[in-house]
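Kindly return the folded structure for what I paste below:
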Amino acid sequence: MNKYILDTDIVSYLWDKKSAHHHKVVEHLNYLNDDDIVGISVISIYELTYGMDSFKNEELKAIFKNALEFLQNDQDTNIFSLDANGATFFSQLKLQYKKATGITAKDAKKNDLDLVIASISMGQEAILISNDGIFKRLAELEPKFKYENWLN
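Next up, the predicted model:
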């Protein structure tokens, strides 16, 4: 059994049937085993809510609204939250990332939500699924962080 956490971008590709990546995400989900667990982080709920509220395009707003309603009301949806265990992972990841990239503390704050998502994933001993390049870098820095890009 594996546990997967879908990042916000993957959720949006899954729900947007016009997305160039929709079919790849669906294909990967169909190949998972019956006992595999799939979920999202609570941060993705926040990001999807912001996306829904900020889009001018009514079609995109509707896609995000439908995704949110489903994710929040479906009894089988796993929404992984923040916990104290993740705080340790967050600290380790952020320090490693800052050291490896040489970015300032101010610039590092721009990546905090991604680092929190990675930390939630580590705390759940899950594989994070994303198309965001920062996660590839984090996986190179921290072997305990598991990441896959289903779009490659």
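
in the top helix by length along the chain, what counts as buried?
Ranked by number of residues, the top helix in the chain under DSSP state H is helix 84-101. In terms of neighbour count (16 or more other C-beta atoms under 10 Å), helix 84-101 has its buried residues at Gly86, Phe89, Phe90, Gln92, Leu93, Lys94, Gln96, Tyr97. (Each C-beta comes from the backbone N, C-alpha and C, glycine too.)

tell me which element the closest residue in space to the fifth one that isn't next to it in sequence is part of?
Read that as Leu93. In this structure, Leu93 finds its nearest non-sequential neighbour in Leu115, 5.2 Å apart by C-beta to C-beta, 6 or more residues apart in numbering. Assigned by DSSP states H and E, Leu115 falls within helix 112-123.

now swap in Tyr4 and tell me
Judged by DSSP H and E, Tyr4 forms part of strand 3-6.

separation between the residue nearest to Leu93 and Asp36?
25 Å (C-beta to C-beta, to the nearest Å).

same thing with Gly102?
For Gly102 relative to Asp36 (C-beta to C-beta), the value is 38 Å.

And Ala139, by the same measure?
Separation of Ala139 from Asp36 (C-beta to C-beta): 19 Å.

How about His22?
20 Å.

ditto for Phe55
31 Å.

so where's the protein shaky on pLDDT?
For the chain, not a single residue meets the criterion pLDDT under 70.

which ones are touching the closest residue in space to Leu32 that isn't next to it in sequence?
Of all residues not flanking Leu32 in the chain, Val38 sits nearest, at 6.8 Å (C-beta to C-beta, 6+ apart). Val38 makes contact with Lys3, Tyr4, Ile5, Leu6, Leu29, Leu32, Asn78, according to C-beta atoms under 8 Å, 6 or more residues apart in numbering.

So Val38, which state does it fall into?
strand (DSSP: H, G, I helix; E, B strand; the rest coil).

So which residues of the protein form helices?
Secondary structure of the chain (DSSP H): helices at 8-15, 22-31, 42-54, 58-73, 84-101, 105-108, 112-123, 133-141.

what residues does the fifth one touch?
Right, the one you point to is helix 84-101. Helix 84-101 is contacted from outside by 103, 105, 108, 111-112, 115-116, 118-120, 122-123, 134, 137-138, 141-142, 144-145, using C-beta under 8 Å, 6+ apart.

Bridged to the residue nearest to Leu32, which residues?
Tyr4 (DSSP bridges).
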